[in-house]
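Visitor: I would like the atomic coordinates for the input below:
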Amino acid sequence: MAAEAVDLPAARAAAGGCHACELWRSATQTVFGEGPSNADLMLVGEQPGDREDVEGHPFVGPAGRILRQALGDAGIDHDRVYVTNVVKHFRWTPRGKRRIHQRPAAEHIRACRPWLDAEPRIVHPRVLVCLGATAAQALIAPAFGVSTDRGVPVPSPLAPRVFATVHPSSILRARDESREREYDAFVRDLRAVADAARVA
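Guide: Residues are numbered from 1 along each chain as shown. Sure thing, here's the model as predicted:
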């Protein structure tokens, strides 16, 4: 189990057979975190999306493309970042032939918490960033407000520096006239993260 995993391959293998909640029944597979086992920076999102569920890798869909672009614009090498999600299975509802994202419920977050606790324990990131409200409220505080406290370090036992910012999917949902502004704000947050990683 997660508490017994001493490295990422062991944790990933154990999570692959997790049936702690019902989400595994409708998901294609467990989508565990990926990245260097000694990454200075860990990014935590909400849950895998449709593409992630199919391919088995985190942040490979449209939001992942935005994330990689923003990391590059902030001067962060994506290949040196560990990326994961609070929930490791895709929660969805059918709409015709499409699978529509559903926000994970509290019981799904609780079921996945052992895996999420194992990842920073194994990786020891200098900086951990919560992407979006679900991750921030699960890892920082239930009432944490991303819109008001984004980009500001908060005390946490998870890492020497912990931040929260928006999830890149929110940029995709933004209206055309505000999308560039939202993207620029996201990059500013990531630049603050990059600065913190250098001094943490």
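Visitor: which other helices and strands does the longest helix anywhere in the chain contact?
Guide: What stands out as the longest helix in the chain, according to DSSP state H, is helix 176-199. When contacts are defined as 3 or more CB pairs under 8 Å, 6 or more residues apart in numbering; DSSP states H and E, helix 176-199 sits against helix 62-73, strand 127-131, strand 161-165, helix 168-173. Where you see a C-beta, it was placed from the backbone N, CA and C, and this is true even at glycine.
Visitor: just say which of the ones you listed is most tucked in.
Guide: Most buried of the helices and strands packed on helix 176-199, by mean neighbour count (mean count of other CB atoms under 10 Å): strand 127-131, with a mean of 27.
Visitor: neighbouring contacts of that strand?
Guide: With CB atoms under 8 Å, 6 or more residues apart in numbering as the test, strand 127-131 has contacts from 40-46, 67, 120, 136, 138-140, 146, 156, 158-168, 190, 193, 196-197, 200.
Visitor: in a helix, Asn38, correct?
Guide: No - counting by DSSP: H, G, I helix; E, B strand; the rest coil, Asn38 is not found in a helix; it is coil.
Visitor: tally of neighbours for the nearest residue to it once chain neighbours are set aside?
Guide: Spatial nearest neighbour of Asn38, excluding adjacent residues (CB to CB, 6 or more residues apart in numbering): Val123 at 7.0 Å. By other CB atoms under 10 Å, 23 other residues sit near Val123.
Visitor: likewise for Ala13?
Guide: Neighbour tally, Ala13, other CB under 10 Å: 12.
Visitor: that one falls within a helix, correct?
Guide: Yes - per three-state DSSP, Ala13 lies within a helix segment.
Visitor: correct me if wrong: Arg150 contacts Asp189.
Guide: Yes - Arg150 is within contact range of Asp189, at 5.9 Å (criterion: CB atoms under 8 Å).
Visitor: what sits in contact with each of those two?
Guide: Common contacts of Arg150 and Asp189 (CB under 8 Å, 6+ apart): Phe163, Thr165, Val166.
Visitor: any idea what the residue nearest to Ser26 when sequence neighbours are not counted is bridged to?
Guide: Among residues not flanking Ser26 along the chain, Trp92 sits closest, at 6.9 Å (CB to CB, 6+ apart). On the basis of DSSP bridges, Trp92 is bridged to His101.
Visitor: over to Thr165?
Guide: Leu131.
Visitor: between the shared contacts of Arg150 and Asp189, which is closest to Cys21?
Guide: The shortest approach to Cys21 among the shared contacts of Arg150 and Asp189 belongs to Val166, at 26.0 Å (CB to CB).
Visitor: based on its surroundings, how many neighbours for the closest one?
Guide: 22.
Visitor: residues contacting it?
Guide: Leu131, Gly132, Val146, Arg150, Glu182, Ala185, Phe186, Asp189.
Visitor: most neighbours out of the residues you listed, which is it?
Guide: Highest neighbour count within the contacts of Val166, by other CB under 10 Å: Leu131, with 28 neighbours.
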